[in-house]
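Asker: Mind folding the following:
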Amino acid sequence: MHELPVVQDLIKTLDEESREKGIERINRINLKIGELSGIIGECVQMYFDILSAGHSSEKAELRFIRVPAMLRCENCGKEFPHEKSFDCPDCGSMGKLIKGSGREFLIESVEADLK
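Answerer: Predicted coordinates for the structure are as follows:
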């Protein structure tokens, strides 16, 4: 349910950018979503399809780019993406979550037609 205000803010941001940059129509929006953000792409898509009607982003394609949480090895200090394990790929020791990583929800880029 927390996707609703996220999508409302997304559309507001896109409308502001469209006005400022002279964008007529937004065709594609590339969004980075961190694995720990709790944001579900399917819910974002559903709300976006409904709420974008009448906006410059109406019928735009949403492309979701998943961002893994990053870990730092407690032994050797190597930083690595969380995949299936918390074990360091170099030394095998336990990795610790890097604060804030994997919680992203960002507009990476927008493809649009100018006026």
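Asker: how far is the longest helix anywhere in the chain from where the chain is centred?
Answerer: Secondary structure of the chain per DSSP state H: the longest helix is helix 3-21. Per Cα atoms, centre = their mean, to the nearest Å, the displacement of helix 3-21 from the mean C-alpha position of its chain is 14 Å.
Asker: Repeat that for stretch 49-60.
Answerer: 18 Å.
Asker: And that stretch, what's buried?
Answerer: Using 16 or more other Cβ atoms under 10 Å as the test for burial, stretch 49-60 gives L51, S52, H55, S56, S57, A60. Heads up, the C-betas are built off the backbone N, CA and C, glycines and all.
Asker: Can you give me the first-to-last residue distance of that stretch?
Answerer: Stretch 49-60 stretches 9 Å from its first residue to its last (Cα to Cα, to the nearest Å).
Asker: so where do the helices sit in the protein?
Answerer: Counting by DSSP H, one finds helices in the chain at the ranges 3-21, 41-51.
Asker: counting contacts, what elements does the longest one pack onto?
Answerer: Yep, that's helix 3-21 we're talking about. strand 23-34, helix 41-51, strand 105-114 (3 or more Cβ pairs under 8 Å, 6 or more residues apart in numbering; DSSP states H and E).
Asker: quick one: which of the ones you listed is nearest G95?
Answerer: strand 23-34 (16.5 Å; Cβ to Cβ).
Asker: so where's the protein uncertain?
Answerer: For the chain, residues meeting the criterion pLDDT under 70 lie at 1.
Asker: list the contacts for the nearest residue to G41 once chain neighbours are set aside?
Answerer: Using Cβ to Cβ, 6 or more residues apart in numbering and skipping residues adjacent in sequence, the residue nearest G41 is F64, 4.4 Å away. Residues near F64 by Cβ atoms under 8 Å, 6 or more residues apart in numbering: L31, I33, G41, V44.
Asker: Looking at those residues, which is nearest L14?
Answerer: Nearest to L14, judged by Cβ to Cβ, of the contacts of F64 is L31 at 11.0 Å.
Asker: so how far is K99 from the closest residue to that closest one other than its chain neighbours?
Answerer: Using Cβ to Cβ, 6+ apart and skipping residues adjacent in sequence, the residue nearest L31 is F64, 5.6 Å away. Separation of F64 from K99 (Cβ to Cβ, to the nearest Å) stands at 24 Å.
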